[in-house]
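*Asks:* after the sequence you'll find the predicted model.
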Number of protein chains: 2
Amino acid sequence: MKNTKEVIIEKARALFNKNGVANVSVREIARELGISHSNLLYYYENKNALIASLHNQLLKHAVDIYQHVKNEPPLPGLFISTIEGFKVLYEYRFFMLDMVWILRENKKLHAEILEIEKLRFKMYEEKIEQMASGEILLRSVDRSNYAILIDQIRVISDAWLTSAHIYSTTPKATIKKYATLLLFLFYPYLTDRGKQEFKSLCMKFDIKI
Amino acid sequence: MKNTKEVIIEKARALFNKNGVANVSVREIARELGISHSNLLYYYENKNALIASLHNQLLKHAVDIYQHVKNEPPLPGLFISTIEGFKVLYEYRFFMLDMVWILRENKKLHAEILEIEKLRFKMYEEKIEQMASGEILLRSVDRSNYAILIDQIRVISDAWLTSAHIYSTTPKATIKKYATLLLFLFYPYLTDRGKQEFKSLCMKFDIKI
DNA sequence: CGTATTTTAGGCCAAATGTACTAATTTATT
DNA sequence: AATAAATTAGTACATTTGGCCTAAAATACG
């Protein structure tokens, strides 16, 4: 039997994902759990507190993935972190889908999100540098092109869920599809050796080319 | 002096963009205009009617752009339709930003949106075919890669506004930045001739490489 | 066992919203 | 000018929501 606080936050996540943050009230979450709204407010003072707590969870997941991948070689690391990252993000998809609502209601979170984005930007820069050193990524492309590549990555990883929401299929298929789209952003810039490794990783992760 | 119906729909668009669909009530729109909410309801029976009407406007703009570009050569056509399309989309950005809310509240619109996406998919396929014929796009890349390219395009054009919303700058800079990101998806697949034309078009549209 | 603390429930209030209905006012038409 | 139609305003109501306060119940602890 889980304690009330955990049950609340899980139900909140489920309802946010299902109905959108704007359409879920604190009272509704309580109603669904069969507890009083006062009880819920005892643990989380309002909806923003729930969102902030879920954001912390998400952050922890992200750090876990980062730690796990850190010592992998860059290209496999890219595959793993992308796929695993997308899985996690899917479980917290309301975040991306209701970004506008959340940012408007919670300025503090906005600052945090920007902080995280900066880190992510750095991480991708590192990975690209590693791959270039390892003759996996072409050196010939000038620095500015990789800036564009990184921005493309950012847009897709920020926003794939919005696009996915229009064409809803199964979670598994969705995650795979959009992870593939992101990974393939790199493909044109790979060396021949890089392309070969890329292809074998696709096989390994059951991605059709 | 514009008539009431037009004034209403313009104010609705402005407020939807500013505060998000979920946070704008019919009464608020009326209040902002200094008319009674009953008067507004006389023209649009509810919020969904406003949204549907705005969607029609957006569609008309899209068709206009398509018509305008139809007879252009493919690469300049790509530049124009992307940039102009992004400008229009920015004016109706609540649509993409509040997609989740809108789709949940309005099933009919969902079907329409899917219809439009299909058309867009076709249009890009045509453009790619034209460019390949004109030795602007590489033939060597197999068909499936272009499928991925098209999907990448779709994600970015569906969802760039979500990403842009996190890092808000000026509208002009935003539009340019994300249009650039989309256009550069093509770059790696261009022939040498294609790359040359691409670069000169970047000059023309004041896009830094 | 008795007391303090934590947890849960319930009620109350003010504000906002969608919806429906009626009345007033303006405009068009003959 | 008289009448019909279109437009605008006003009102009333049921619901929902967030926030606040108080009391009951459960649990921990000395």
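*Replies:* Sure, I can see it. Numbering: from 1, shown residues only, chains lettered A, B, ... in the order given.

*Asks:* neighbours of the nearest residue to A:Asn48 once chain neighbours are set aside, just the number please.
*Replies:* Taking Cβ to Cβ, 6 or more residues apart in numbering or on different chains, and ignoring the residues beside it in sequence, A:Asn48 has A:Asn106 as its nearest neighbour in space, at 5.2 Å. Glycine gets a C-beta too; all of them are placed from N, C-alpha and C. Counted with other Cβ atoms under 10 Å in any protein chain shown, residues neighbouring A:Asn106 total 18.

*Asks:* who's in contact with A:Asn106?
*Replies:* Contact partners of A:Asn106, counting by Cβ atoms under 8 Å, 6 or more residues apart in numbering or on different chains, are A:Asn48, A:Ile51, A:Ala52.

*Asks:* what separation do you get for it and A:Val155?
*Replies:* From A:Asn106 across to A:Val155, the span is 23 Å (Cβ to Cβ, to the nearest Å).

*Asks:* cool, and A:Thr169?
*Replies:* For A:Thr169, the distance to A:Val155 - Cβ to Cβ - is 21 Å.

*Asks:* tell me which parts of chain A are close to DNA strand C?
*Replies:* Contact residues, chain A versus DNA strand C (Cβ under 7 Å from any atom of the strand): A:Thr4, A:Gly34, A:Ile35, A:Ser36, A:His37, A:Ser38, A:Asn39, A:Tyr42, A:Tyr43.

*Asks:* what's the local residue count around the last one?
*Replies:* So that's A:Tyr43. 16.

*Asks:* ok, the residue lying closest to A:Leu15 once chain neighbours are set aside - contacts?
*Replies:* In space, and not counting its chain neighbours, A:Leu15 is closest to A:Val24: 4.6 Å by Cβ to Cβ, 6+ apart. Each residue near A:Val24 by Cβ under 8 Å, 6+ apart is listed here: A:Ala12, A:Leu15, A:Phe16, A:Lys47.

*Asks:* make a markdown table out of those and add pLDDT and neighbour count.
*Replies:* A markdown table is the format used below for the contacts of A:Val24 (pLDDT from 0 to 100; neighbours: other Cβ atoms under 10 Å in any protein chain shown):
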| residue | pLDDT | neighbour count |
| --- | --- | --- |
| A:Ala12 | 98 | 26 |
| A:Leu15 | 97 | 19 |
| A:Phe16 | 97 | 25 |
| A:Lys47 | 97 | 19 |
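
*Asks:* going by distance to chain B, which of those residues wins?
*Replies:* A:Phe16 (10.6 Å; Cβ to the nearest Cβ).

*Asks:* just checking, what packs against the helix or strand the closest one falls within?
*Replies:* Assigning secondary structure by DSSP states H and E places A:Phe16 in helix A:4-19. If contacts are counted by 3 or more Cβ pairs under 8 Å, 6 or more residues apart in numbering or on different chains; DSSP states H and E, helix A:4-19 sits against helix A:26-33, helix A:37-43, helix A:47-69, helix A:94-97.

*Asks:* make JSON lines from those helices and add distance to DNA strand D to it.
*Replies:* Below are the helices and strands packed on helix A:4-19 laid out as JSON lines (distance: least, Cβ to the nearest atom of the strand, whole Å):
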{"stretch": "helix A:26-33", "distance to DNA strand D": "4"}
{"stretch": "helix A:37-43", "distance to DNA strand D": "5"}
{"stretch": "helix A:47-69", "distance to DNA strand D": "5"}
{"stretch": "helix A:94-97", "distance to DNA strand D": "15"}
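
*Asks:* pick the most deeply packed of the ones you listed.
*Replies:* helix A:94-97 (a mean of 24; mean count of other Cβ atoms under 10 Å in any protein chain shown).

*Asks:* so what are the domain limits for chain A?
*Replies:* Here the domain assignment for chain A is A:1-45, A:48-204, based on automatic domain parsing.

*Asks:* let me see the contact set for the residue lying closest to A:Lys195 once chain neighbours are set aside.
*Replies:* Spatial nearest neighbour of A:Lys195, excluding adjacent residues (Cβ to Cβ, 6+ apart): A:Tyr187 at 7.0 Å. Contact partners of A:Tyr187, counting by Cβ under 8 Å, 6+ apart, are A:Lys195, A:Phe198, B:Asn145.

*Asks:* circling back: and the angle from the helix holding A:Phe16 to helix A:26-33?
*Replies:* 110 degrees (axes from the mean of the first three to the mean of the last three Cα atoms, to 10 degrees).

*Asks:* give me the residues contacting helix A:4-19.
*Replies:* A:2, A:24, A:28-29, A:32-33, A:35, A:39-40, A:43-44, A:50-51, A:53-54, A:57, A:91-94, A:98, B:104.

*Asks:* same deal with stretch A:166-180?
*Replies:* Contacts of stretch A:166-180 (Cβ under 8 Å, 6+ apart): A:82-83, A:86-87, A:90, A:156, A:160-161, A:163-164, A:206-207, B:99, B:103, B:110, B:113-114, B:117, B:148, B:151, B:155, B:158.

*Asks:* buried subset of these?
*Replies:* For those, a burial check counting by 16 or more other Cβ atoms under 10 Å in any protein chain shown picks out A:82-83, A:86-87, A:90, A:156, A:160-161, A:163-164, A:207, B:99, B:103, B:110, B:113, B:117, B:148, B:151, B:155, B:158.

*Asks:* what's the helix or strand for the residue nearest to the spatial centre of chain A?
*Replies:* By Cα atoms, centre = their mean, chain A has its centre lying nearest to A:Leu89, at 3.7 Å. In the assignment (DSSP H and E), A:Leu89 maps to helix A:74-91.
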